[in-house]
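Peer 1: Sequence and predicted structure are below.
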Amino acid sequence: MSASSNSVALLLSLGLLLGSAAALAAGEQHDGHHAAAPTHQQKAWGIAGEPEQVSRTIEISMNDQMRFSPDQLEVKQGETIRFVHRNDGQVMHEFVLGTQAELQAHAAMMATSPGMQHDSADMAHIAPGQREELIWTFNRAGEFDFACLIPGHYQAGMVGKVRVLAN
């Protein structure tokens, strides 16, 4: 092999190695980004619901004034809610359920990596003028949060609360 062939082979090997490491690192993230999250993973705020379990539907609109409407929800423990999210704005928005601590950590991550895609059952990305559904079973009582974690939106106050009443 010539010196230039060796250099090309070395560069190709290095590229494959780095590409594999990046794919592995992305796949190891368990925050709902890049790697497919288990569909029914129990979280502090509940678990993904099934369409046949839906107790009621709650419509939530979001807008470019960085607000959800409604932004305060009350559900009963054990209730399965079909959320219908409507983006009335001109920019992308999202709906992410969680605890305040989880959402703050997630927002910080989004600030460093804007454009991350979600594929977790407790998150929905909604394009301008579009609607998306999310079905969630609130099987734990407590106060939980939801937010739009697109950089700048959370910081502008695009947040809400879900109060889950114990049976």
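Peer 2: Structure received. Numbers count the residues shown, from 1 in each chain.
Peer 1: is the residue most central in space within the chain in a bridge, and if so with what?
Peer 2: Residue closest to the average C-alpha location in the chain (Cα atoms, centre = their mean): M123, at 3.3 Å. Assessed by DSSP bridges, M123 has beta-bridge partners V96.
Peer 1: quick one, strands of this protein?
Peer 2: Secondary structure of the chain, counting by DSSP state E: strands at 47-48, 56-63, 67-69, 72-76, 79-87, 93-98, 123-126, 131-138, 142-147, 159-165.
Peer 1: With respect to burial, which of those scores highest?
Peer 2: Greatest average neighbour count among the strands of the chain goes to strand 93-98 (a mean of 24), per mean count of other Cβ atoms under 10 Å. Using the backbone N, CA and C atoms, a C-beta is placed for each residue, glycine as well.
Peer 1: And the contacts of that strand?
Peer 2: With contact meaning Cβ atoms under 8 Å, 6 or more residues apart in numbering, strand 93-98 is reached by 43-46, 60, 62, 68, 83, 85, 87, 103, 106, 118, 122-126, 132, 134, 136, 144-150, 153, 158, 162.
Peer 1: What of stretch 49-68?
Peer 2: Contacts of stretch 49-68 (Cβ under 8 Å, 6+ apart): 69-70, 73, 76, 79-91, 93, 95, 126, 135-137, 146, 148, 153, 156-160.
Peer 1: Can you give me the distance of the residue nearest to the centre of the chain to A166?
Peer 2: Separation of M123 from A166 (Cβ to Cβ, to the nearest Å): 25 Å.
Peer 1: Columns distance to M110 and mean pLDDT on top of the strands of the chain, output as CSV?
Peer 2: Formatted as CSV, these follow (distance: least, Cβ to Cβ, whole Å; pLDDT from 0 to 100):
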stretch, distance to M110, mean pLDDT
strand 47-48, 21, 96
strand 56-63, 16, 98
strand 67-69, 17, 98
strand 72-76, 23, 98
strand 79-87, 17, 98
strand 93-98, 9, 95
strand 123-126, 11, 94
strand 131-138, 18, 97
strand 142-147, 10, 97
strand 159-165, 14, 98
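Peer 1: Report the contact partners of E102.
Peer 2: So E102 contacts A44 (Cβ under 8 Å, 6+ apart).
Peer 1: That one and L149: what is the separation?
Peer 2: For E102, the distance to L149 - Cβ to Cβ - is 10 Å.
Peer 1: I126 now?
Peer 2: Applying Cβ to Cβ, one obtains 13 Å for the distance of I126 from L149.
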